[in-house]
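Visitor: here is my input; please provide its structure:
(3 chains)
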Amino acid sequence: MQRPNYPSGKDLLSADAISRFDLDDIFERAERHLREEEQEKAGILPEQPPVYRRRPKVIATLFDQRSTRTRLGFQSAAARLGHQSIDAYDTDRSRLGTSTGESIEDHVHTVELYSDLLVVRSHLEDMPYRVSRLSYLPVINAGNGADEHPSQALIDLFAIRQMRGEIEKLTIALSSDTRARFAISFVKMLRLTPPKRFTLCCLPDVPINPAMREAMTVLAGLGTEIGIVHDVRQTLGHDILSIQMQDMSKFAHASLGNEAVDKEKETEPFTITAQKILEARSDTLILNPLPRFSELDTSCDSLPNAGYFRQVQLSVPMRMAILERMLLGIPWTGQAAAASGSPAAP
Amino acid sequence: MQRPNYPSGKDLLSADAISRFDLDDIFERAERHLREEEQEKAGILPEQPPVYRRRPKVIATLFDQRSTRTRLGFQSAAARLGHQSIDAYDTDRSRLGTSTGESIEDHVHTVELYSDLLVVRSHLEDMPYRVSRLSYLPVINAGNGADEHPSQALIDLFAIRQMRGEIEKLTIALSSDTRARFAISFVKMLRLTPPKRFTLCCLPDVPINPAMREAMTVLAGLGTEIGIVHDVRQTLGHDILSIQMQDMSKFAHASLGNEAVDKEKETEPFTITAQKILEARSDTLILNPLPRFSELDTSCDSLPNAGYFRQVQLSVPMRMAILERMLLGIPWTGQAAAASGSPAAP
Amino acid sequence: MQRPNYPSGKDLLSADAISRFDLDDIFERAERHLREEEQEKAGILPEQPPVYRRRPKVIATLFDQRSTRTRLGFQSAAARLGHQSIDAYDTDRSRLGTSTGESIEDHVHTVELYSDLLVVRSHLEDMPYRVSRLSYLPVINAGNGADEHPSQALIDLFAIRQMRGEIEKLTIALSSDTRARFAISFVKMLRLTPPKRFTLCCLPDVPINPAMREAMTVLAGLGTEIGIVHDVRQTLGHDILSIQMQDMSKFAHASLGNEAVDKEKETEPFTITAQKILEARSDTLILNPLPRFSELDTSCDSLPNAGYFRQVQLSVPMRMAILERMLLGIPWTGQAAAASGSPAAP
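Guide: Numbering: from 1, shown residues only, chains lettered A, B, ... in the order given. Model (predicted):
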């Protein structure tokens, strides 16, 4: 897939967009939103209302792929900032994609004039890049085919930091299809704060996706100890285990309502259960981008290791932080850093 | 159906949740919203903006059953309070309920982290109770199968009070399927402010639903004169007639888009018409939860007896009051009162 | 179709509703919204927050016809004013129109109590008029069958004025099916500010729609020079060309999801291309209500003549102006002017 330049840094299309400086900034913003929410729940009101200094903004979601979490998550984050969302890819109601539908170009050129920020999810890898090239608005890639899902990676790193502290001091394992978009963005994003050790847990007989291999090579170059295992039991000595099913191909490419989405047939070595955690006397923090399939047994839910719902909770202030930063027009500086020799560009 | 405890009083699942104290409070809040709306329409602006003292809240609707009025009504009430709604059971767009869908448990645990209050409508009696047990958020039961619809009962009591004054001094008739959820909640709620007389108008050859029978027994124990008739003509001497069709079973259980919903075949004795009202020289106030079917002839619309659209209008400040109270975290004290010997617990 | 009186001027159903006085007012409001948006983008904040002096309002959209632009456009304009929208004709979720659905009368009488303004789009010419008669709320006709689309006409006139100045001094061409609703409203609206010349470009062998003929006669009576041509090349000496396809009948009448919408088969004389514009050395401003079909070639997009995306952009402040005015209860005075002898009533 042809990658555009980021002349302005306006978009969040890939983990490449983010620099270490940006990561620190976005963590700080997310922590502020989290703190304000906790203060409000505790009855400590801000002296002045926190929003409404400006006109409400309009966030447009253009999703051609099924989503519960991501769409509702951005809608909710927008609402908490005092903004509103419009669903700009509503296949039931619009003409887009029908025989008389208008082109993607005309649709984007229209929607951008009605809104302030575009959130795109597509089964097509190229779609967020197309939208980004077409529009002067900031664009968030909320998952594009088997490519990337950078806002999820920011959520995952924020969750790790909030629950286990400085990522540089941690050992992190990932059990996932190496082609999964959340996984690729996650490992690419780790370059900004390389962990002590990174272990990939994957099927033994499936080649590792080149993008994943490249991201791991970057981590190795930054001093992270790299390992590969083929059983989740071998990850239970790590501080963190981010786990998803091992074969996401059918899932990730399923378009809205058109293709049957087959349920993952996990095999035993890639399934985490309470029994395995207890047998290992492990205090590994378990993360999962959700929805989960058979890879994460519900028996884990009552263990202190279960971090995945707190991860969902932390997604709200993080999505607020992302929207806030991009609506303020603050550019992402990752690519620029890469151009001047950052470790992100091997 | 197994009923949970109300340890915190956080939820509005049943008319049992409400105490007389709560009813007075919710009437007062609804009256304030009504007054403020009327003042604004008259051009009398509040000295300070009425909302926005806090961050906007997010109301999540989880409806697996068709609805116009209830969904739009809660969305509108939320909007007027400065809050926003997200549609968290969007069968077209989410994976919930598909073969790869996530469990209700995971879905609720996610949605509760994106929102501040859950409104549940389901063709399954147990669903709001399940959601209530799963979530720490306040939950409103906006209709569950053939069980209850307590927010509608609050609307109905508020409408009676606004249009005819103190309920204790009134005679009230109900013509309805005795299994209808709005009807059960209505009669159960009347225990908080027992009318002088309560008359049930029902099919002669259908047994009265046990829940309805129990609620009527409670009223009798509180001194209300109870009657049963089989023709609406015999209700036209009452102050109030709340009327709906006599066979709601197919309707109430119809799930979203799956089952055909048969139109009620009302028989003549259970249909109210302008002619019957005029022949009886009745000033009975006619209420109907809407949508209406053949039980309520449109010839009634131009009579002063027609109270059902004013009833819809009064639903807005009442739903605002319910949302406001529950978002502030004020518990319902009904069950607690019952535990300490209130008449609600026979 | 039977036309109601406009006793109150509450509704925007037809170009007839608008007087010259109203047009000046709505232009002024739209210019203010445009200026404020530009100031905010430039970082010049208003001294006081521009909205939130009153409670948020609720805009209900009742669309039974496919729409991207109009629905999103009104939603976005409402959001920018601090208001919210509810989708009150949601065929997937409501019972309206099903065998157990409620009547249009009951539905409108319910929705009006939940909202502050109704936006109606229908494949039925009569629908906005029915809704207008049924409801005390202000009603916007956002396109009714082959009748009118007055808010689009206001957008078009505002776009011309912003991009080319005073309309009275301009020559304007329209290439369109003479039955198209946007075209009829456009030519009727021009009576308020009659251009120097008006040229209709239409198929030679199709009779001109009577409503169009009448609107052109009114313009002629006001001193506008009228012409009819059958090739867009002959319009390229005009200041403005508003162009759409020449056969909209199938398109305009297509109801939601039921009928196939055939793509316009434009013939060469009614297609505008960059080549034609460049050959004519024309500086004609090209407008198009969008979505476009083959009548407007994408080769035009990079020419300075292309005004159609700026036209979309200007639709936001214009829709804000329309909503603002109508929510404030300011009546349209067009029909009153007609009654007292305005040129609009021939």
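
Visitor: quick one: A:Leu219 from A:Val229, how far?
Guide: 16 Å (CB to CB, to the nearest Å). Just so you know, the C-beta spots here come from the backbone N, C-alpha and C atoms, and that holds for glycine as well.

Visitor: which residues in the stretch 101-250 of chain A form strands?
Guide: Ranges of strands in the stretch 101-250 of chain A, per DSSP state E, counting those that start in this stretch, are A:117-122, A:139-144, A:171-175, A:197-201, A:225-229, A:240-243.

Visitor: for chain A, longest helix please?
Guide: Longest helix in chain A by number of residues (criterion: DSSP state H): helix A:20-41.

Visitor: what comes up buried for that helix?
Guide: A:20, A:22-23, A:25-27, A:29-31, A:33-34, A:36-37 (16 or more other CB atoms under 10 Å in any protein chain shown).

Visitor: show the contacting residues for A:Ile155.
Guide: A:311, A:314-315, A:318-319 (CB atoms under 8 Å, 6 or more residues apart in numbering or on different chains).

Visitor: just A:Thr199 next, same as before
Guide: A:Thr199 sits in contact with A:171-174, A:226-229, A:234-235, A:238, where contact means CB under 8 Å, 6+ apart.

Visitor: could you dump these into CSV and include distance to chain C and pLDDT?
Guide: Output for those, formatted as CSV (distance: CB to the nearest CB, whole Å; pLDDT from 0 to 100):
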residue, distance to chain C, pLDDT
A:Thr171, 46, 98
A:Ile172, 40, 98
A:Ala173, 43, 98
A:Leu174, 39, 98
A:Ile226, 46, 98
A:Gly227, 49, 98
A:Ile228, 47, 98
A:Val229, 47, 97
A:Gln234, 48, 98
A:Thr235, 44, 98
A:His238, 45, 98
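
Visitor: which one (most neighbours) among those?
Guide: A:Ile172 (29 neighbours; other CB atoms under 10 Å in any protein chain shown).

Visitor: tell me what it is bridged to.
Guide: Counting by DSSP bridges, A:Ile172 is bridged to A:Phe198, A:Ile240.

Visitor: please tell me how far it sits from chain B.
Guide: Distance from A:Ile172 to chain B, counting by CB to the nearest CB, to the nearest Å: 23 Å.

Visitor: up against chain C, what does the stretch 101-250 of chain A have?
Guide: A:101-103, A:105-107, A:109-111, A:113-115 (CB under 8 Å from any CB of the partner chain).

Visitor: about what we covered before: ok, of the contacts of A:Thr199, which one's closest to A:Asn288?
Guide: Taking CB to CB as the measure, A:Asn288 lies nearest A:Leu174 of those, at 11.2 Å.

Visitor: grab the nearest non-local neighbour of the residue in the stretch 201-346 of chain A that chain B sits nearest to.
Guide: Of the stretch 201-346 of chain A, the residue with the smallest distance to chain B, taken as CB to the nearest CB, is A:Pro291 at 3.8 Å. In space, and not counting its chain neighbours, A:Pro291 is closest to B:Glu102: 3.8 Å by CB to CB, 6 or more residues apart in numbering or on different chains.

Visitor: ditto for A:Ile322
Guide: Nearest non-adjacent residue to A:Ile322 (CB to CB, 6+ apart): A:Ser151, at 5.8 Å.

Visitor: before we move on, what about A:Pro195?
Guide: Nearest non-adjacent residue to A:Pro195 (CB to CB, 6+ apart): A:Ile172, at 4.6 Å.

Visitor: tell me the contacts of that neighbour?
Guide: A:160, A:190, A:195, A:197-199, A:238-240, A:242.

Visitor: gap between it and A:Val187?
Guide: 9 Å.

Visitor: list residues touching both of the two?
Guide: Counting by CB under 8 Å, 6+ apart, the common neighbours of A:Ile172 and A:Val187 are A:Phe198.

Visitor: does A:Asp177 touch A:Ala183 like I think?
Guide: Yes - under the criterion of CB atoms under 8 Å, A:Asp177 lies in contact with A:Ala183, with a separation of 6.9 Å.

Visitor: which of these two has more neighbours?
Guide: Comparing A:Asp177 with A:Ala183 by other CB under 10 Å, the one with more neighbours is A:Ala183, at 29 against 25.

Visitor: what's the pLDDT at the more buried one?
Guide: On pLDDT, A:Ala183 comes in at 97.

Visitor: how about the closest residue to it other than its chain neighbours, what does it touch?
Guide: Nearest residue to A:Ala183 in three dimensions, chain neighbours excluded: A:Ser176, at 4.2 Å (CB to CB, 6+ apart). Counting by CB under 8 Å, 6+ apart, A:Ser176 makes contact with A:182-183, A:201-202, A:242-246, A:248.

Visitor: now these as CSV including distance to B:Arg80?
Guide: Output for those, formatted as CSV (distance: CB to CB, whole Å):
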residue, distance to B:Arg80
A:Phe182, 38
A:Ala183, 44
A:Cys201, 51
A:Cys202, 52
A:Ser242, 42
A:Ile243, 44
A:Gln244, 42
A:Met245, 44
A:Gln246, 49
A:Met248, 43
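
Visitor: what is the next helix or strand after the longest helix of chain A packed up against?
Guide: Using DSSP states H and E, the next helix or strand after helix A:20-41 towards the C-terminus is strand A:58-63. If you count contacts as 3 or more CB pairs under 8 Å, 6 or more residues apart in numbering or on different chains; DSSP states H and E, strand A:58-63 packs onto helix A:69-80, strand A:84-87, helix A:104-114, strand A:117-122, helix C:69-80.

Visitor: which one of the ones you listed lies closest to A:Leu328?
Guide: Judging the helices and strands packed on strand A:58-63 by CB to CB, what sits closest to A:Leu328 is strand A:117-122, at 10.7 Å.

Visitor: please see if that closest one touches chain B.
Guide: No - on the criterion CB under 8 Å from any CB, strand A:117-122 is out of touch with chain B, staying 10.8 Å away.

Visitor: how about residues contacting that strand?
Guide: A:57, A:59-65, A:67, A:70-71, A:74, A:88, A:108, A:111-112, A:127-128, A:131, A:135, A:137-145, A:323, A:326-327.

Visitor: which stretches in the stretch 201-346 of chain A count as helices?
Guide: A:210-221, A:249-253, A:274-279, A:308-327, A:334-339 (DSSP state H, counting those that start in this stretch).
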